[in-house]
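**Student:** Sequence isn't available, so here's the structure alone:
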Ligand code: NAD
């Protein structure tokens, strides 16, 4: 039997695509088949440093390029992303396991971030107050920081890197991206399009790897800012190490999100919201609706409805047609970890209403599948209630009233998203005001904010001051200068002095 041909996994350093050999490698799988499709080189500190030096060398020219011209590169990039969307979506599906529809959605959200960044000439304008004191004018100017670094997770291979570098670049910074070693191919495919769009050599660089590579990137003296998305322990480490080395850091961490269903909620809409939120992307979403809080007698109708919807979802391989509703998890180890957590939940007293561990996918026996699972009667102290599961598992908790539901949400260590389904404006308003979460949904299962607004996690879901996306993103990638000026002498334009 012939071995499958592995896809190349090069780094981009100073405008050169380099195959890195002689280092450890991490296997990339097609989660639908379990086959190895590539090997990610685990770059050493030396390769990470070379990428930083290349970004530093490209900085003087790129930061002096007018914002309008920088934005034009991104306009071309957006057009290329759209023209290649089918190819990119297939690449995401192949290495991440999302359904093709979900992969298109991943890319669409990323393209929106490029669209936002195309507005740089407006986003970067400063403010002026003429004659702030007699004969004195004051203005603010936004300038790039310098070399910025991005470290990204496996679950949105297109969108999350695109949260970072389009905005960083259009603000005049240069960039080094280190995507997840589990999904390097999408990052490479998209980087080739950025090159084609005309990004100058060295302004954007791509390296692969793990701990050693990341450690070099986040401590290098020429790096000014770090954007990180991933799990909470790694996010906390990146934030603490980066800030200790004087960097500006924004680090998005893990999550545990709640959906409150009030007794007056529309049954069909709330069921759809929870099911899509819990099982879409196989639950591998930082905004997944991982816990449904059923208030008062909402459970009577909602639980059977959730169970019926969950068991009717089709689970299967995503790299061929017909497309399933739920694809595989990212690795065999992760699938086994999630299955183990279901067992732990049952051992600690949760009731399994729908058990995805029993799923068999005949046409893809080696894929990393787990079916939609619902655990009822979950209590706050249980492992499944405290730990991020990051798989197709929905916890159900019973609440006496809205107060109890809000208190449960507010006890969580995380604070990414929280939603309510209700017909009552009063309940929605109270929830919106009191709940401790950075992104709040009203009759929306996954209230992930779009490119024009900050992706606004709280508590252990975020470390830093300025979030990604929106105007906060622009502030993160720039520093502000305040210029106070006075001119002397008639010929120099001192229009105030003789009045
Ligand atoms: P992860 O933390 O394992 O990895 C994220 C990145 O950090 C990867 O590039 C990885 O190579 C690197 N990394 C991992 N361990 C490291 C270490 N010890 N030292 C240095 N670098 C290290 O996360 P993941 O499994 O790829 O992604 C899933 C996690 O990401 C979940 O917790 C999810 O909630 C979170 N996430 C959060 C958001 C958000 O916006 N809050 C969005 C997407 C995913």
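**Tutor:** It's in. What you are looking at is a predicted structure, and each value in this text was computed from that prediction instead of being measured.
**Student:** only C-alpha atoms for contact and neighbour calcs from this point on.
**Tutor:** Will do.
**Student:** Next, give phi and psi for residue 36.
**Tutor:** Main-chain dihedrals, residue 36, degrees, to the nearest 10: phi -80, psi 130.
**Student:** doesn't residue 5 make contact with it?
**Tutor:** No: when contacts are counted by Cα atoms under 8 Å, residue 36 is not listed as touching residue 5 (9.1 Å).
**Student:** could you point out which element follows the worst-scoring helix or strand of the chain on mean pLDDT?
**Tutor:** Using mean pLDDT, DSSP states H and E, the weakest-scoring helix or strand in the chain turns out to be helix 120-123, at a mean of 93. Where DSSP states H and E defines the elements, the next helix or strand beyond helix 120-123 is strand 128-133.
**Student:** elements contacting that following strand?
**Tutor:** Where contact means 3 or more Cα pairs under 8 Å, 6 or more residues apart in numbering; DSSP states H and E, strand 128-133 is packed against strand 136-144.
**Student:** Give the pairing partners of the strand it packs on; include direction for each.
**Tutor:** In the sheet, strand 136-144 lines up against strand 128-133 (antiparallel), strand 478-486 (antiparallel) (DSSP bridges).
**Student:** a markdown table for these, including mean pLDDT, distance to the ligand and mean neighbour count?
**Tutor:** Listed next are the strands paired with strand 136-144 as a markdown table, based on pLDDT from 0 to 100; distance: least, Cα to the nearest ligand atom, whole Å; neighbours: other Cα atoms under 10 Å:
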| stretch | mean pLDDT | distance to the ligand | mean neighbour count |
| --- | --- | --- | --- |
| strand 128-133 | 97 | 35 | 13 |
| strand 478-486 | 97 | 21 | 14 |
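**Student:** re the thing from before, which residue of residue 36 and residue 5 possesses the greater neighbour count?
**Tutor:** Higher neighbour count among residue 36 and residue 5: residue 36, with 18 against 9, using other Cα atoms under 10 Å.
**Student:** contacting residues for the more buried one?
**Tutor:** Residue 36 makes contact with 4, 6, 27-30, according to Cα atoms under 8 Å, 6 or more residues apart in numbering.
**Student:** if we go to 10 Å?
**Tutor:** The contact partners of residue 36, taken as Cα atoms under 10 Å, 6 or more residues apart in numbering, are 3-7, 26-30, 95.
**Student:** quick check, nearest of those to the ligand?
**Tutor:** residue 26 (10.3 Å; Cα to the nearest ligand atom).
**Student:** Partner strands of the strand or helix carrying that closest one and their direction?
**Tutor:** Assigned by DSSP H and E, residue 26 belongs to strand 25-29. Sheet neighbours of strand 25-29, with direction, are listed as strand 36-41 (antiparallel) (DSSP bridges).
**Student:** which of the residues in the partner strand are buried?
**Tutor:** Buried residues in strand 36-41, counted by 16 or more other Cα atoms under 10 Å: 36-41.
**Student:** That strand and the ligand in contact?
**Tutor:** No: using Cα under 6 Å from any ligand atom, strand 36-41 stays clear of the ligand, with a minimum separation of 10.6 Å.
**Student:** quick one: the residue in the stretch 251-400 of the chain positioned nearest to the ligand and residue 460, what's the gap?
**Tutor:** In the stretch 251-400 of the chain, the residue that lies nearest the ligand is residue 254 (3.3 Å; Cα to the nearest ligand atom). Noted for residue 254: a distance of 7 Å to residue 460, by Cα to Cα, to the nearest Å.
**Student:** so what sits against both of the two?
**Tutor:** Common neighbours of residue 254 and residue 460 (Cα under 10 Å, 6+ apart) are 231-233, 235, 414-416.
**Student:** Let's see if you can find the most crowded of the residues you listed.
**Tutor:** Of all the shared contacts of residue 254 and residue 460, the highest neighbour tally under other Cα under 10 Å goes to residue 416, namely 30 neighbours.
**Student:** quick one: that one and residue 460 touch, right?
**Tutor:** Yes: using Cα atoms under 10 Å, residue 416 is in contact with residue 460, at 8.5 Å.
**Student:** joint contacts of those two?
**Tutor:** Common neighbours of residue 416 and residue 460 are listed as 252-255 (criterion: Cα under 10 Å, 6+ apart).
**Student:** Max pairwise distance over those residues: which two?
**Tutor:** Based on Cα to Cα, the longest span within the shared contacts of residue 416 and residue 460 runs between 252 and 255 and measures 9.4 Å.
**Student:** Need the residues touching each of those two.
**Tutor:** With Cα under 10 Å, 6+ apart, residue 252 and residue 255 have common neighbours 231-232, 286, 416, 457-458, 460-462.
**Student:** show me which of those residues neighbour the ligand.
**Tutor:** Checking the shared contacts of residue 252 and residue 255 against the ligand by Cα under 6 Å from any ligand atom, the ones in range are 231, 286, 461.
**Student:** hmm, back to that, which one among the shared contacts of residue 252 and residue 255 gets closest to residue 107?
**Tutor:** Lowest distance from residue 107 to those (Cα to Cα) belongs to residue 286, with 16.5 Å.
**Student:** Apart from its neighbours in sequence, what residue is nearest the closest one?
**Tutor:** Distances taken as Cα to Cα, 6 or more residues apart in numbering place residue 255 nearest to residue 286, at 5.5 Å, with adjacent residues excluded.
**Student:** Kindly report the same for residue 486.
**Tutor:** What sits nearest to residue 486 in space, not counting adjacent residues and going by Cα to Cα, 6+ apart, is residue 136, at 4.8 Å.
**Student:** picking up where we left off before, which parts of the strand holding residue 26 are buried?
**Tutor:** Buried residues in strand 25-29, defined by neighbour count with 16+ other Cα under 10 Å: 25-29.
**Student:** got the residues of this structure near the ligand?
**Tutor:** Residues of the chain lying near the ligand (Cα under 6 Å from any ligand atom): 151-155, 179-181, 210-211, 214, 229-231, 234, 252-255, 286, 461.
**Student:** before we move on, the earlier item: quick check: the residue nearest to residue 486 vs residue 485, distance?
**Tutor:** Per Cα to Cα, residue 136 is found 6 Å from residue 485.
**Student:** circling back to that earlier point, what secondary structure does the residue of the stretch 251-400 of the chain closest to the ligand sit in?
**Tutor:** Using DSSP: H, G, I helix; E, B strand; the rest coil, the structure places residue 254 in coil.
**Student:** hey, where'd the strands end up in the stretch 151-300 of the chain?
**Tutor:** Along the stretch 151-300 of the chain, the stretches classed as strands by DSSP state E, counting those that start in this stretch are 174-178, 204-206, 223-229, 248-252, 258-261, 291-295.
**Student:** who's in contact with the closest residue to residue 480 other than its chain neighbours?
**Tutor:** Closest residue to residue 480 apart from its sequence neighbours, by Cα to Cα, 6+ apart: residue 142 at 4.6 Å. Shown in contact with residue 142 (Cα under 10 Å, 6+ apart): 123-127, 171, 474-475, 477-482.
**Student:** list the contacts for the closest residue to residue 284 other than its chain neighbours?
**Tutor:** Once flanking residues are discounted, residue 284 sits nearest to residue 390: 4.8 Å by Cα to Cα, 6+ apart. Applying Cα under 10 Å, 6+ apart, we find residue 390 in contact with 155, 254-256, 278, 281-288, 290, 329, 334-335, 337-338.
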